[in-house]
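Student: Kindly generate the corresponding structure for this input.
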Amino acid sequence: MRRLISGTTYWNKGKDDFHLPPLTKDLETDVLIIGAGMSGTLCAYVLSQVEGLRITMVDTLQVAEGSSSANTGLLQVSSDTMLHEFMETIGEDKARGFYAMCQMAMEDLFDISETLSGTTIRKRKSLYCASSLKDVEKIRKEYDALKTQGMNVEYLEEVEVLNRYRVKCPSALLIDGDADVDPVAFIRTLTKHNLDAGVAVYPETEIALDTKRAHSIRTTEGHRISFKYCIFATGYAQKYDLVKDRIAINRTYAFITEPVGKEPWPEEVMIWETKNPYLYLRTTQDGRIVSGGLDEEKDELVENQAAIDEKVEELKGDIRKMMKDALALETHWSYNALFGTVKDGLPLLGKDPDRDNHFYILGYEGNGTCYSMAGARIIRNLILGEEDPFRDIVRLDR
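Tutor: Next up is the predicted model:
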């Protein structure tokens, strides 16, 4: 399995207490989920509520040790592609349907947070900043699109942004209804619930994907897993032939500070901007600042920590230009990670076009947790033969 992270991440600082053994024998199950990160865990959670389904999860690593440990935990309805931009490329109905899917997914995540203690989801507002004067018109268009979508959004002029949030930009949208999360703690909490619900979880169990058949697959150790349904939730670790021409794997940088000791900016809103690649900032529940960006179209990790540190200093320089007040930006953790994008800006969720019992949940693009939640619902509906209003928008063969 390819490495997805170079450097040190913040979320996996504590080890889990599952003590789960790998798979050491042949197995029969109703649903096999390959991947125990955010996508696979949410899928298992949703399917565990279906009475009578035997569910098995496997992962090459331990729970939440893949790309989920590099997830910076911004949960947003808005995509990297604006709603009004999607309206121009895929049509208004599909664009609004896609954003409705994300709105529903956020509500599902909030419902999980209210149901289970320890999920670490905090409701937050997002401040979406115009990076330059030429982007002000885009922000205005997006305000109109989001407002008519029914979202709680406010348009802020330059002076308002500066006075209320201490951010320097020509204009911004203040969007209510988003959240932040500690992704690893969230996955571990859901995993404990899934185990109690009867889901079998086998970490350190690598699957030989070239042994895939209609109703079986083998581990690299030769153990055969038979299934009715198989869900591939492997994140950025695997490029599948059926989508490889439509995706790209890029790299990004992030860092987490020492605790700053006070509220670094008003309301600790999540901050991001219109330029591509964009800078983003959020805070953690223990008072740190998380920031990332400087995405590069390169499908390989930066292995040199000194080179990562240079990028972190560049990120800090961008933060100083954006923020009115000086922030305490002493680095504690920093890393470089790989992530996936799709040519049309939409995630890849749903069934294999050639096999009705094989499903993929590839939450590529910058809103992966929201897409994983939506994908889990879509796959549940497909397995149960129920209608789903969003599946055609994000299907793999669209």
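Student: which residue ranges form the helices in the stretch 151-300 of the chain?
Tutor: 158-165, 183-196 (DSSP state H, counting those that start in this stretch).
Student: Any chance of TSV for those, columns mean neighbour count?
Tutor: The C-beta positions use only the backbone N, C-alpha and C, and glycine is treated the same way. What follows is these, written out as TSV (neighbours: other Cβ atoms under 10 Å):
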stretch	mean neighbour count
helix 158-165	16
helix 183-196	22
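Student: Now render those helices as JSON lines, adding mean pLDDT.
Tutor: As requested, the helices of the stretch 151-300 of the chain are exported to JSON lines (pLDDT from 0 to 100):
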{"stretch": "helix 158-165", "mean pLDDT": "98"}
{"stretch": "helix 183-196", "mean pLDDT": "96"}
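Student: To Leu329, which of those lies closest?
Tutor: Closest of the helices of the stretch 151-300 of the chain to Leu329 is helix 158-165, at 17.6 Å (criterion: Cβ to Cβ).
Student: Now that closest one - C-alpha only, CSV.
Tutor: This file holds the C-alpha atoms of helix 158-165, laid out as CSV (Å, rounded to 0.1, in the frame of the first residue of the first chain):
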residue,chain,number,x,y,z
GLU,A,158,-14.5,44.7,3.2
VAL,A,159,-14.9,46.9,6.3
GLU,A,160,-17.4,44.5,7.9
VAL,A,161,-15.0,41.5,7.4
LEU,A,162,-12.2,43.5,9.0
ASN,A,163,-14.2,44.9,11.9
ARG,A,164,-16.0,41.7,12.7
TYR,A,165,-13.5,39.0,12.0
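Student: Give me the helices and strands touching it, please.
Tutor: With contacts defined as 3 or more Cβ pairs under 8 Å, 6 or more residues apart in numbering; DSSP states H and E, the packing partners of helix 158-165 are strand 122-129, strand 171-180.
Student: Mind putting those strands into TSV with distance to Ala95 and mean pLDDT?
Tutor: Formatted as TSV, the helices and strands packed on helix 158-165 follow (distance: least, Cβ to Cβ, whole Å; pLDDT from 0 to 100):
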stretch	distance to Ala95	mean pLDDT
strand 122-129	17	98
strand 171-180	17	98
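Student: out of those, nearest to Leu32?
Tutor: Distance to Leu32, taken as Cβ to Cβ, is lowest for strand 171-180 among the helices and strands packed on helix 158-165, at 30.3 Å.
Student: ok, how many other residues are close to the closest residue to Ala36 other than its chain neighbours?
Tutor: Using Cβ to Cβ, 6 or more residues apart in numbering and skipping residues adjacent in sequence, the residue nearest Ala36 is Asp59, 3.7 Å away. Close neighbours of Asp59, defined as other Cβ atoms under 10 Å, add up to 29.
Student: Contacts for stretch 173-182, please.
Tutor: Stretch 173-182 is contacted by residues 11, 73-78, 103, 106, 109-110, 113, 119-128, 139, 142-143, 146, 151-156, 269-270, 282-285, 369 when judged by Cβ atoms under 8 Å, 6 or more residues apart in numbering.
Student: what's across from Glu28 in the sheet?
Tutor: Per DSSP bridges, residues listed as beta-bridge partners of Glu28: Ser226.
Student: still on that earlier bit, I'd like the helices of the stretch 151-300 of the chain written out as CSV, with distance to Cys230 added.
Tutor: As requested, these are arranged in CSV below (distance: least, Cβ to Cβ, whole Å):
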stretch, distance to Cys230
helix 158-165, 46
helix 183-196, 17
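Student: Out of these, which is closest to Arg96?
Tutor: Closest approach to Arg96 among the helices of the stretch 151-300 of the chain (Cβ to Cβ): helix 158-165, 27.1 Å.
Student: what about the closest one, distance to the chain center?
Tutor: 29 Å (Cα atoms, centre = their mean, to the nearest Å).
Student: how big is the angle separating it from strand 171-180?
Tutor: Between helix 158-165 and strand 171-180, the angle comes out at 30 degrees (axes from the mean of the first three to the mean of the last three Cα atoms, to 10 degrees).
Student: what's next to helix 158-165, contact-wise?
Tutor: 127, 129, 156, 167-172, 265-267, 269, 271, 324.
Student: how about 6 Å then?
Tutor: With Cβ atoms under 6 Å, 6 or more residues apart in numbering as the test, helix 158-165 has contacts from Leu127, Val167, Cys169, Pro170, Ala172, Trp265, Pro266.
Student: if I look at the closest residue in space to Gly35 that isn't next to it in sequence, how far off is Ala208?
Tutor: Excluding the flanking residues, the one nearest Gly35 by Cβ to Cβ, 6+ apart is Ala233, at 3.6 Å. Per Cβ to Cβ, to the nearest Å, Ala233 is found 17 Å from Ala208.
Student: who's more crowded, those two?
Tutor: A direct count of neighbours by other Cβ under 10 Å for Ala233 and Ala208 places Ala233 higher, at 27 against 13.
Student: Count the residues that sit near the nearest residue to Val153 once chain neighbours are set aside.
Tutor: Distances taken as Cβ to Cβ, 6+ apart put Leu146 closest to Val153, at 4.5 Å, once the chain neighbours are dropped. A total of 22 residues lie near Leu146 under the criterion other Cβ under 10 Å.
Student: Check for me that Leu146 belongs to a helix.
Tutor: Yes: with DSSP: H, G, I helix; E, B strand; the rest coil as the criterion, Leu146 is located in a helix.
Student: returning to that earlier point: and the residue nearest to Ala36, how close does it get to Lys343?
Tutor: Noted for Asp59: a distance of 28 Å to Lys343, by Cβ to Cβ.
Student: for the protein, what are the low-confidence residue spans?
Tutor: Where the chain drops to pLDDT under 70, the residues are 1, 12-15.
Student: helices or strands up against the lengthiest helix in it?
Tutor: For the chain, the helix with the greatest residue count under DSSP state H is helix 92-115. Counting by 3 or more Cβ pairs under 6 Å, 6 or more residues apart in numbering; DSSP states H and E, the packing neighbours recorded for helix 92-115 are helix 83-89, helix 368-384, helix 391-394.
Student: Okay, buried residues for the longest one please.
Tutor: It refers to helix 368-384. 368-383 (16 or more other Cβ atoms under 10 Å).
Student: ok, now how distant is the nearest residue to Tyr360 once chain neighbours are set aside from Ile139?
Tutor: Spatial nearest neighbour of Tyr360, excluding adjacent residues (Cβ to Cβ, 6+ apart): Phe232 at 4.9 Å. In this view, Phe232 and Ile139 are 37 Å apart by Cβ to Cβ.
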